[in-house]
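> Fold the stuff below for me.
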Amino acid sequence: MLKIVSIVIRVNDLPAQAAFWKAALDYVERDPAEDDWLVLKPRDAETPCIALDAHHSERVLPPRIHLDIYAEDQAAEVRRLAGLGAREVHWDGRPDDADYIIMEDPEGNRFCIVDRPDWRGWAA
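Next comes the predicted model:
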């Protein structure tokens with residue numbers, strides 16, 4: 001049996017990226033930060049975690065992997081994340097009826113905010 005417990009994001013500025021992702025997801029530190037490593041977890045669960053790895057990595061576009069983050073109120077969350085320093089990414093290949101908005105964190109790591117007000121996980 002396998003379980004995904006942590007998704008690792010390479011970052012340049014660990015404190016700044018930790019502040020962004022903590023505020024974005026309302027995550028907390030699982031353990032005290034190291035100089036080049038920090039694992040963030042949901043306040044109310046053990047997984048999935050986001051691990052921030054402070055090692056330079058070349059940016060590749062389009063990224064080979066990204067996060068899909070569900071939103072109960074997509075427009076409000078996009079505005080909130082933009083206020084935290086995220087940017088919306090416009091892509092000519094995005095379908096007109098897409099239920100996602102592409103964004104990137106302050107260092108350019110991309111993620112999608114998916115419009116899912118009816119997701120049953122909100123009740124959990």
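> Pull out the buried residues from stretch 44-63.
49, 50, 51, 52, 54 (16 or more other Cβ atoms under 10 Å). Quick note: C-beta positions are derived from backbone N, CA and C, even for glycine.
> ok, residues contacting that stretch?
Here stretch 44-63 makes contact (Cβ atoms under 8 Å, 6 or more residues apart in numbering) with 3-14, 17-18, 21, 25, 27, 30, 35-42, 108-110.
> Now which of those residues would you call buried?
9-11, 14, 17-18, 21, 25, 27, 30, 38-41, 109-110.
> and of those, the nearest to residue 103?
Closest approach to residue 103 among the buried ones among the contacts of stretch 44-63 (Cβ to Cβ): residue 110, at 7.0 Å.
> re the thing from before, filter the contacts of stretch 44-63 down to just the ones in strands.
6-10, 27, 37-42, 110 (DSSP state E).
> Can you add distance to residue 71 and pLDDT and give those back as CSV?
Below are the ones in strands among the contacts of stretch 44-63 laid out as CSV (distance: Cβ to Cβ, whole Å; pLDDT from 0 to 100):
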residue, distance to residue 71, pLDDT
6, 22, 94
7, 18, 96
8, 23, 96
9, 19, 96
10, 25, 96
27, 16, 97
37, 28, 98
38, 24, 98
39, 23, 97
40, 19, 97
41, 20, 96
42, 16, 95
110, 16, 96
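> What count of nearby residues applies to residue 100?
18 (other Cβ atoms under 10 Å).
> Return the residues in contact with it.
Contacts of residue 100 (Cβ under 8 Å, 6+ apart): 68, 94, 112, 113, 114, 115.
> sorry, back to before: can you put the ones in strands among the contacts of stretch 44-63 in JSON lines and add distance to residue 100?
What follows is these, written out as JSON lines (distance: Cβ to Cβ, whole Å):
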{"residue": "6", "distance to residue 100": "23"}
{"residue": "7", "distance to residue 100": "17"}
{"residue": "8", "distance to residue 100": "22"}
{"residue": "9", "distance to residue 100": "19"}
{"residue": "10", "distance to residue 100": "23"}
{"residue": "27", "distance to residue 100": "21"}
{"residue": "37", "distance to residue 100": "30"}
{"residue": "38", "distance to residue 100": "27"}
{"residue": "39", "distance to residue 100": "26"}
{"residue": "40", "distance to residue 100": "22"}
{"residue": "41", "distance to residue 100": "24"}
{"residue": "42", "distance to residue 100": "21"}
{"residue": "110", "distance to residue 100": "11"}
